[in-house]
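Asks: Here is a sequence together with a model predicted from it:
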Amino acid sequence: MHKPHSNWHAYRRVPASFMPRQWQKWVLDRGSLTKRLQHASNDDFYVRVKKQSITRPSLSERKVLKLALGRQALIREVELVCHDEVWVRARSVIPLSTLSGEERQLRSLGNKPLGAFLFASRSMKREQLEISRYIDSSGASFARRSVFRLHKKPLLVVEHFCNAVIGAR
């Protein structure tokens, strides 16, 4: 997907100088990113699955999910595309123990947005938002991650915002 982020900051501790205002309206929003992208693109939005497999999460992902060493998870990497341009790259890490009951459906989302499933669930709880700055050849951009709980079962969602979102409403 992209280079893993290592410097995550709890949302409440992000200094104002860390993130320009034009990024804040996207990165710090706690609502459904899927709905926000659909609205901003006048529904010219789709999900492109890049990779999905059962494998070991990174150390950082294991820590935030409190997964034991060697535990595997369903890892799904997607691009959220608006107007045929990638606006967000996302990675979800779903422990195998989460994939039971209603959450079994998460194995076969295909090109359906995970956010639609999460925000439709009455049992969904979102934990603290963490923010990271990402620098590549096109300059600085930002990512966020948070653990969601469905029926108290965890999954991690990491969203890397591309420069294309800056001009969107």
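Replies: Alright, I've got the coordinates.

Asks: In this structure, where is pLDDT below threshold?
Replies: For the chain, the stretches flagged by pLDDT under 70 are 1-6, 13-16, 169.

Asks: Just the helices from it, written as ranges.
Replies: 21-27, 33-40, 59-65, 114-120 (DSSP state H).

Asks: Take the ones you listed and lay them out in a markdown table including mean neighbour count and distance to residue 96.
Replies: Glycine gets a C-beta too; all of them are placed from N, C-alpha and C. Output for the helices of the chain, formatted as a markdown table (neighbours: other C-beta atoms under 10 Å; distance: least, C-beta to C-beta, whole Å):
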| stretch | mean neighbour count | distance to residue 96 |
| --- | --- | --- |
| helix 21-27 | 16 | 29 |
| helix 33-40 | 19 | 24 |
| helix 59-65 | 16 | 11 |
| helix 114-120 | 17 | 17 |
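
Asks: Of these, give the one that comes closest to residue 159.
Replies: helix 33-40 (6.3 Å; C-beta to C-beta).

Asks: which residues sit against that closest one?
Replies: By C-beta atoms under 8 Å, 6 or more residues apart in numbering, the surrounding residues in contact with helix 33-40 are 26, 29, 45, 80, 82, 87-88, 113-116, 119, 159, 165, 168-169.

Asks: again, but for stretch 55-74
Replies: For stretch 55-74, contacts defined as C-beta under 8 Å, 6+ apart pick out 4-6, 8, 52-54, 75, 92-96, 99, 106-107, 130, 145, 147, 154-156, 158.

Asks: Can you select the buried ones from the residues you listed in PyMOL?
Replies: Buried members of the contacts of stretch 55-74, defined by 16 or more other C-beta atoms under 10 Å, are picked up in PyMOL with:
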select buried, resi 5+52+75+92+93+94+95+99+106+130+145+147+154+155+156+158
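
Asks: quick one: contacts for the nearest residue to residue 125 once chain neighbours are set aside?
Replies: The shortest distance from residue 125 to any non-neighbouring residue, by C-beta to C-beta, 6 or more residues apart in numbering, is to residue 149 (4.5 Å). Going by C-beta under 8 Å, 6+ apart, residue 149 touches 123-127, 155.

Asks: So of those residues, which two are at opposite extremes in space?
Replies: 123 and 127 (13.8 Å).

Asks: Confirm for me that residue 89 is in contact with residue 79.
Replies: Yes: here residue 89 reaches residue 79: they are 5.6 Å apart, a contact under C-beta atoms under 8 Å.
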